[in-house]
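Engineer: fold the following for me, if possible:
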Amino acid sequence: MEHPMNLHQNKNSFAAAIQTTSDKLNILPVFVEKDYWITLVLKRLAESKYNESVVFKGGTSLSKGFKLIDRFSEDIDIAIINPAGRPGNQIKTLIREIEKKVSIDLNEITDSTVSSKGSRFRKSVYSYETITDKRFYQGTTAQLIIEINSFANPVPFESKRIESLISTVLYMNNQPDLISRFDLSPFSIKVLTKNQTLVEKMVSLFRSSFEADTVTGLNGKIRHFYDLHFLLLDEEVRVFVDSMEFLQNFNEVWSHDQKAFDEPEDWCGKSAIKSPLYFQWPALWEDLAGNYQKELSALAFSKIPESTIILDSMTYLLRKLTL
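Structural biologist: Presented below is the predicted three-dimensional model:
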C-alpha cells in the first residue's frame, strides 16, 4: 500500500488528533491512543495475505467489532481458521509470520512474565511509543498483548467494519482529506460471533473457578463478567441464550476445552454444575465485586453497571445450564 496507516509517524498531527477525539467523545487521551494502536494491528492483519486464515475474537472484538461494550483492553486475540486441517509445522510457522506482520510498528517486551510461546500458540507483549502524558496511564499501560492460537476452529464468524476512534471523529468533523492522507479508512475483518463469544467466555470462567484459589482464578477473568452482562443485553444474544441451542453450544465448547486443556487439574472430567462458580454462586460474587468495581472502573469510558446488576446477569446465565 502506498500510504499505510501512519498518523503516529507525524507526532504533532497525532497528538492533535488524540486530543480532538478525546474532547469530542469524552474519552481519556490514553484510551484514544491505545485504540489507535489496536486498530493499526488489526489493519495490518486485514490487509495482509493472512486475512482469510484468521478470526479476531475476545473482549476487544466486542468493543471494536460489535460496539457492545464501553471498555478498553490491551488484548488482541487472533485464532487460526481450521487448524486441524494444517500440519503442526505449518501452524507454528503461520502463527510466527502473522505476529511478525502485525507487530511491525511495535517493540516486543521479551522479558515479560505474560509472554508464552508454543507450537500452537504465541502470546507476546509489545509496547508502543506513547505521546500522551504518562501520568494518565493509571490502570492501563502503553502496551498491547497479541495472542495468536490454534486451539479450536473459531466458528461461526462474520465480517465486521473496524475503524479507530480518531477516524470516527474525523468523519464526524467532515475531514476526509486527513482520513485519506493517513490511511485511516475503515476496513473489514472476520470476527467471532457474539453468541460464540458468550459461550467461550462462560466456559473460560468455569474453568478458572477450578483453580486452587477460586477467587484468584476468577479475578483474573473479572472482565468476562462485564462482557457477559452486555452480551446478554443484546436482543439477538438473549434469544440465543433462551434457546436450546445455547446449552448445546455450551456443552460442545466445554467438551472441546476439557480435551484441549489439562489445567487446572481439578477441572478435568467435571461438569459445569460441579464447578465452584456454579455451586458457590451467588455468595462467590461477594468476594469478586470489589475487584470488578476497581478494575472495570479504570478501563471503562462510561459508567459501569452496579455489581448487583452483574450478579443478576450471571445468575440468569447460570440458571440456563440446568434447563
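
Engineer: looking at this protein, which helix or strand does the model trust least?
Structural biologist: Ranked by mean pLDDT, DSSP states H and E, the helix or strand of the chain with the weakest confidence is strand 116-117, at a mean of 90.

Engineer: what are the pairing partners of that strand, and which direction each?
Structural biologist: If you go by DSSP bridges, strand 116-117 pairs up with strand 121-127 (antiparallel).

Engineer: hmm, who's touching the partner strand?
Structural biologist: 95-96, 99, 103, 106-109, 112, 114-117, 141-151 (C-beta atoms under 8 Å, 6 or more residues apart in numbering). Any C-beta I mention is one placed from the backbone N, CA and C, and that applies to glycine too.

Engineer: and if you look at stretch 80-93?
Structural biologist: Stretch 80-93 has contacts (C-beta under 8 Å, 6+ apart) with 52-55, 94-95, 119-120, 148-155, 157, 190.

Engineer: now the buried members of the residues you listed.
Structural biologist: Neighbour counting with 16 or more other C-beta atoms under 10 Å marks 53-55, 94-95, 148-150, 153-154, 157, 190 as buried within those.

Engineer: quickly list the domain ranges of the chain.
Structural biologist: For the chain, automatic domain parsing gives the domain ranges 7-192, 194-322.

Engineer: which of the contacts of strand 121-127 are buried, as a PyMOL select command?
Structural biologist: To isolate the buried members of the contacts of strand 121-127 in PyMOL, using 16+ other C-beta under 10 Å:
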select buried, resi 95+99+103+106+109+115+141+142+143+144+145+146+147+148+149+150
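
Engineer: which of the contacts of strand 121-127 fall in strands?
Structural biologist: Assigned to strands by DSSP state E, the following of those qualify: 107-108, 116-117, 143-149.

Engineer: could you pull out the strands for the protein?
Structural biologist: Along the chain, counting by DSSP E, strands occupy 54-57, 75-80, 107-108, 116-117, 121-127, 143-149, 157-162, 187-192.

Engineer: now render these as CSV, adding distance to Ser22.
Structural biologist: Listed next are these as CSV, based on distance: least, C-beta to C-beta, whole Å:
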stretch, distance to Ser22
strand 54-57, 25
strand 75-80, 22
strand 107-108, 24
strand 116-117, 34
strand 121-127, 21
strand 143-149, 19
strand 157-162, 20
strand 187-192, 23
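
Engineer: of these, which shows the lowest average pLDDT?
Structural biologist: Mean pLDDT values for the strands of the chain show the minimum at strand 116-117, a mean of 90.

Engineer: contacting residues around that strand?
Structural biologist: Identification of contacts with strand 116-117 by C-beta under 8 Å, 6+ apart yields 122-124.

Engineer: ends of stretch 205-223, what's the gap?
Structural biologist: For stretch 205-223, the first-to-last residue distance is 10 Å (C-alpha to C-alpha, to the nearest Å).

Engineer: oops, could you answer that again for stretch 53-72 instead?
Structural biologist: Using C-alpha to C-alpha, one end of stretch 53-72 lies 26 Å from the other.

Engineer: residue numbering should commence at 44 henceforth.
Structural biologist: Got it, first residue is 44 now, which makes that one stretch 96-115.
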